[in-house]
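Undergrad: Quick one, structure for this:
(one chain, ligands or ions: 1)
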Amino acid sequence: MKPARLSLLATLLLSACSTGTAPTTAASANTSTTVATATTTAGTTTTTVAAGTLPTTTVVSTTTTGPAPTPLADIALSLEWVAGGFPAPVFVLSRASANGAAGDDRMFVVDQTGTITGFAPPEPGVVPRDRAVVLDISSKVAYGGERGLLGVAFHPDSPDRMFVDYTRDDGATVIEEYSFPVGADAAESTPVRTILVQPQPAANHNGGMIAFGPDRYLYVALGDGGGGGDTYGNGQDPHTLLGAILRLDVDGGTPYAIPPDNPFADGVAGAPEVWLWGLRNPWRFSFDGADLWIGDVGQNAWEEIDAVGPDAGGSNLGWPIFEGTHCYDGPCDDPSGFTPPVLEYPHGGGRCSITGGYVYRGAAIPDLKGVYLYGDYCSGEIMALRYSGGSVVDSRVWDPIVAELTSFGVDRDGNLYVTAWDSVYRVVVG
Ligand SMILES: [Ca+2]
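TA: Presented below is the predicted three-dimensional model:
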């Protein structure tokens, strides 16, 4: 038995899991995920959004030319434990060297409580022993439920610049920049500057992911402000930063500049910071080249993955008009203005909250190249898909293997990691 504790998403998820439906097999969960047709699922007639409704959006694909990929059914994966004993790990990352500068061999575990811990990169089968806290902001982080230190990103060109996303005592989301010189044991304890403060009307749905895109802009995920069913009406309001993914130029202004090609850069039809809107709680997102992959946590029935190209700015991802492809709070009779998910799966079988992951581009597992791996926080399953020609062409669910699957992460070589419960694992073949 696990000791009781406040854990990420726990409040929301426990209630959602308690209403779960009958167990769903892996196959049925994923065969019901491809979009674009009106379907009847679990006895409920649904309205769905047709795929490809935004003709200006680049068609995302995870496949590359070459030999036919290995069917996911033929790939055996497991998790190799690499480090444990963390209070509440929610993310793991490394930082690359830049411009020929010396790199940093450490990986960094982000704890929701407010600490970031560095540890030596594990060799296969070797437990890393040296670890040290590199930043502790727990005194100003409000931790509990879905609040806390939720995201960290290093600047891709200046890896001594570290950005954090956390919840402060009054519930607001704060993004700060810290100086963490490559080669230093730890980061400076006082932030260089505050990038953003976003008030949050409720404790849940804070988003939390921050990451730099290949365009060198900082992308920031913010949930709809919380409650349930979009209590505060933020999902379909492009003028609020809530329920959106923002795109900020942290190099071009103080505290940031608006990229001139942001869809609402002039502030007329929406907030200048907004890149994508109509999101519920985009807990984790990642880039695959210029494509943006988002795991948007659903309400009570459907979890979804969204994938958009670099010209998708201004796209409305549907919440709360749609939950996944299903009408939630209509009218839904004209879905043409919404970008549907590339995949959705229903609650049930222990599944109740998506943990978005990464398209695998590492060298260690050639069969996984181009595969998007993700998971479910509640079931602890690792899942995967291949996406080509506008549809999911292969999918797979592995056995439940971890409790509280909070996040995926990659190191600078593209190896894939998982944070769950108190540990960090590496995804390996076997
Ligand atoms: Ca959506």
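
Undergrad: residue contacts, Ala364?
TA: Asp413, Gly414, Asn415, Val428 (CB atoms under 8 Å, 6 or more residues apart in numbering). To be clear about C-beta, it is placed using only N, CA and C from the backbone, and glycine gets the same treatment.

Undergrad: Filter the residues you listed down to just the buried residues.
TA: Gly414, Asn415, Val428 (16 or more other CB atoms under 10 Å).

Undergrad: now, among those, which is nearest to the ion?
TA: Gly414 (28.0 Å; CB to the ion).

Undergrad: Now the closest one. Nearest residue, chain neighbours left out?
TA: Nearest in space to Gly414, with sequence neighbours left out and distances taken as CB to CB, 6 or more residues apart in numbering, is Gly362 at 3.2 Å.

Undergrad: that older thread, is it possible to get JSON lines of the buried ones among the contacts of Ala364 that adds distance to the ion and secondary structure?
TA: Shown next, in JSON lines, are those (distance: CB to the ion, whole Å; DSSP: H, G, I helix; E, B strand; the rest coil):
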{"residue": "Gly414", "distance to the ion": "28", "secondary structure": "coil"}
{"residue": "Asn415", "distance to the ion": "30", "secondary structure": "coil"}
{"residue": "Val428", "distance to the ion": "32", "secondary structure": "strand"}
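
Undergrad: Point out the residues in this protein that sit beside the ion.
TA: Leu317, Gly318 (CB under 5 Å from the ion).

Undergrad: if you set the cut-off to 6 Å instead, what comes out?
TA: Asp296, Glu304, Leu317, Gly318, Trp319, Phe322, Pro341 (CB under 6 Å from the ion).

Undergrad: you'd agree the residue nearest to Gly414 is in a strand?
TA: No: looking at Gly362 with DSSP: H, G, I helix; E, B strand; the rest coil, it is coil, so not inside a strand.

Undergrad: re earlier: format the residues of the chain next to the ion as TSV; extra columns: secondary structure.
TA: TSV is the format used below for those (three-state DSSP):
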residue	secondary structure
Asp296	strand
Glu304	strand
Leu317	coil
Gly318	coil
Trp319	coil
Phe322	strand
Pro341	coil
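
Undergrad: shouldn't Pro341 be in contact with His326?
TA: No: look at Pro341 against His326 with CB atoms under 8 Å: they stay out of range, at 10.4 Å.

Undergrad: helix, strand or coil for Val152?
TA: Val152 - assigned by three-state DSSP - is strand.

Undergrad: now it: how far from the ion?
TA: Going from Val152 to the ion by CB to the ion, to the nearest Å gives 26 Å.

Undergrad: right, and that residue touches Met209 too?
TA: No: using CB under 8 Å, Val152 makes no contact with Met209, being 9.7 Å away.

Undergrad: hey, what's in contact with both of the two?
TA: Counting by CB under 8 Å, 6+ apart, the residues touching both Val152 and Met209 are Asp165.

Undergrad: For the ion, give me its nearest residue in the stretch 101-250 of the chain.
TA: Closest point on the stretch 101-250 of the chain to the ion, by CB to the ion, is Gly235, at 9.0 Å.

Undergrad: For that residue, grab the count of nearby residues.
TA: Using other CB atoms under 10 Å, Gly235 has 28 other residues around it.

Undergrad: what do you get for Gln236?
TA: Neighbour tally, Gln236, other CB under 10 Å: 18.

Undergrad: same deal with Phe212?
TA: For Phe212, the neighbour count with other CB under 10 Å is 18.

Undergrad: Just the pLDDT for it.
TA: With respect to pLDDT, Phe212 has a value of 97.

Undergrad: For it, which residues are in contact?
TA: Phe212 touches Ala153, Phe154, His155, Pro156, Leu218, Tyr219, counting by CB under 8 Å, 6+ apart.

Undergrad: mind redoing it with 7 Å?
TA: By CB atoms under 7 Å, 6 or more residues apart in numbering, the contact list for Phe212 reads Ala153, His155, Pro156, Leu218.

Undergrad: Helix or strand: which one has the third one?
TA: Taking DSSP states H and E as the criterion, no element holds Pro156; it sits outside all helices and strands.

Undergrad: Once you drop chain neighbours, what's closest to it?
TA: Using CB to CB, 6+ apart and skipping residues adjacent in sequence, the residue nearest Pro156 is Phe212, 5.0 Å away.

Undergrad: Name the residues linked to the one you found by a beta bridge.
TA: Beta-bridge partners recorded for Phe212 (DSSP bridges): Leu218.

Undergrad: Now do the contacts for the residue of the stretch 101-250 of the chain closest to the ion.
TA: Asp224, Gly243, Gly278, Arg280, Trp319, Pro320.

Undergrad: And Thr62, by the same measure?
TA: Taking CB under 7 Å, 6+ apart as the test, what Thr62 contacts is Asp288, Val359, Gly370, Val371, Tyr372, Arg386, Tyr387, Ser388.
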